[in-house]
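Trainee: okay, predicted coordinates and the sequence, questions at the end:
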Amino acid sequence: MNAYHRALACLSHRVDHERTARGPTSLRAFREILKRLGHPERSLRSVVVLVGTKGKGSTAHHLSALAESLGLRVGLFTSPHLISYNERIRLQQHPVDPERFGETLLALDRQLESHGGGFRTVFELLTLTALQIFREEQVDLAIFEAGLGGRLDTTALLPARVLGVGPIHRDHTAHLGDTFSSIVREKIYPRANRIPAAVGHQPQVLADTVRQIARALYAPVLQEGWEYRLDNIQTSTGGTRARLFYPAREEVIFLETPARGKHQAHNAALAWIIMEILWGEPLPPHANFCMLQLPGRLHRIGIHPPVYVDGAHNALAFQALKEALTALHPDHRWIGVLAMNRDKAGADVHHILRTWNVCWIATRTPSPRSLDPETLMRKLSDLCWIDRLEDPGEAVQTALERAQRERKTGVVITGSFYLSGAILPWLLQTARVPG
């Protein structure tokens, strides 16, 4: 068994909050782990932490591409992965070698066990693996996407120079609280030092709350709608363009990202603002997002019919997906393959899905938290349902065959990154996708 597969076996014996939907209750143990390992986080030159309900992963990828265009050596830590664990740790946007991932993780686990106690959770072990690899590579910038929440996340103990805040909405209420204020306070937590915060586009109902809390804890705060604004957003199958401007500076920047969907313009703008804070001045003319790699987000596979795979799994993400596909293909209807985890198919998601011109095939994700297709159909009973199929591959093939028979009909596969990760390799290798 190689190092990567031994590492997977090691992870399988740790608590995985992503699969249980139960968040951490304290950072005391992880703080002690960092101390025992000699505080590897303190050796990093520059750290950015990204929090939020939606878009923080896309923003992290945009920031990595932007920093790379400026000649920086970049480490990127995101979650979840699509296909393999080593995708969570990237250098210059490329996943680290699986064997290096496995060897580093196992060495850390052995080191902690020899001192009388190891890691409690998967996320702790993955965070330390990223820190170790980024330290060995002497990256100029280490970008960490927070996991569940923020205040009790391992990334809360990292010496961030900037906090990036993506859109916040109601999610993980059992862990974060069921009021907007409690969720925002869990996401935007106080740090030891008063560092700058860049705040991206927020739902209207939350924008003032986010601003009030952020300004009480961070300085300066640069928030979309106040310190910077975005307009003239245009999206196509080739990417997205927008105009970013600063009212106080009377300066205009034209952004262009390969990512599809108007929401990606907001993610690109947030990445730009974070990079300007780090850079200390306006970015040079050659700064760009051309090298962006964004798997599993409006990932287009087929052309005729159009086939998209997207990891949307909460209300904000479904709304963004709906708006993006409507803008990209305004005259199309859709056949959707939908699978969701038990804690995701709530009333806010239901409201968005039932206003969308999609007929769905219910299936399941590989996650142990997945709803079975029959229960999913019952929870979202007034959607347009075509069928329910236990096997995701069979569900996708059924959707493809039906779309090929109908005019101006596309296929969208969504509801979970677990579904995206299971389906993408199958689609690329075995499915009959025209175009």
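Mentor: Yep, it's here. Numbers count the residues shown, from 1 in each chain.
Trainee: pLDDT weak spots in this protein?
Mentor: 17-24, 116-119, 149, 170-178, 430-435 (pLDDT under 70).
Trainee: so after whatever helix or strand Arg110 lives in, what's the next helix or strand?
Mentor: Per DSSP states H and E: Arg110 is located in helix 98-114. Next along the chain after helix 98-114, taking DSSP H and E as the criterion, comes helix 122-137.
Trainee: could you give the angle of that following helix to helix 98-114?
Mentor: Between helix 122-137 and helix 98-114, the angle comes out at 110 degrees (axes from the mean of the first three to the mean of the last three C-alpha atoms, to 10 degrees).
Trainee: alpha carbons of helix 122-137, as CSV, please.
Mentor: Output of helix 122-137 as CSV, limited to C-alpha atoms (Å, rounded to 0.1, in the frame of the first residue of the first chain):
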residue,chain,number,x,y,z
VAL,A,122,-9.6,15.0,9.8
PHE,A,123,-9.5,18.8,9.4
GLU,A,124,-6.8,19.3,12.1
LEU,A,125,-4.6,16.7,10.4
LEU,A,126,-5.2,18.2,6.9
THR,A,127,-4.5,21.8,8.2
LEU,A,128,-1.2,20.7,9.7
THR,A,129,-0.2,18.8,6.5
ALA,A,130,-0.9,22.0,4.5
LEU,A,131,1.2,24.1,6.9
GLN,A,132,4.1,21.6,6.7
ILE,A,133,4.1,21.6,2.9
PHE,A,134,3.8,25.3,2.6
ARG,A,135,6.7,25.8,5.1
GLU,A,136,8.9,23.4,3.1
GLU,A,137,8.1,25.2,-0.1
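Trainee: give me the residues contacting that helix.
Mentor: Residues outside helix 122-137 that contact it (C-beta atoms under 8 Å, 6 or more residues apart in numbering): 10-11, 14-18, 29-30, 33, 37, 40-41, 43-44, 73, 75, 77, 79, 85, 88-89, 91, 96, 100-101, 104-105, 108-109, 119, 142, 144, 147, 153-155. C-beta here means a position set from N, CA and C on the backbone, and glycine is covered the same way.
Trainee: how far away from the center of its chain is it?
Mentor: 18 Å (C-alpha atoms, centre = their mean, to the nearest Å).
Trainee: ok, stretch 389-408 next?
Mentor: Per C-alpha atoms, centre = their mean, the centroid offset for stretch 389-408 relative to its chain is 27 Å.
Trainee: again with stretch 352-371
Mentor: Counting by C-alpha atoms, centre = their mean, stretch 352-371 comes out at 19 Å from the chain centroid.
Trainee: go on, stretch 192-205?
Mentor: 17 Å.
Trainee: among the contacts of helix 122-137, which are in helices?
Mentor: Using DSSP state H to define helices, the subset of the contacts of helix 122-137 located there is 10-11, 17-18, 29-30, 33, 100-101, 104-105, 108-109.
Trainee: of all these, which two lie farthest apart?
Mentor: Largest separation among these by C-beta to C-beta: Ala29 and Arg100, giving 26.2 Å.
Trainee: which of those two has more neighbours?
Mentor: Arg100 (17 against 13; other C-beta atoms under 10 Å).
Trainee: just among the ones in helices among the contacts of helix 122-137, which is most surrounded?
Mentor: Leu105 (28 neighbours).
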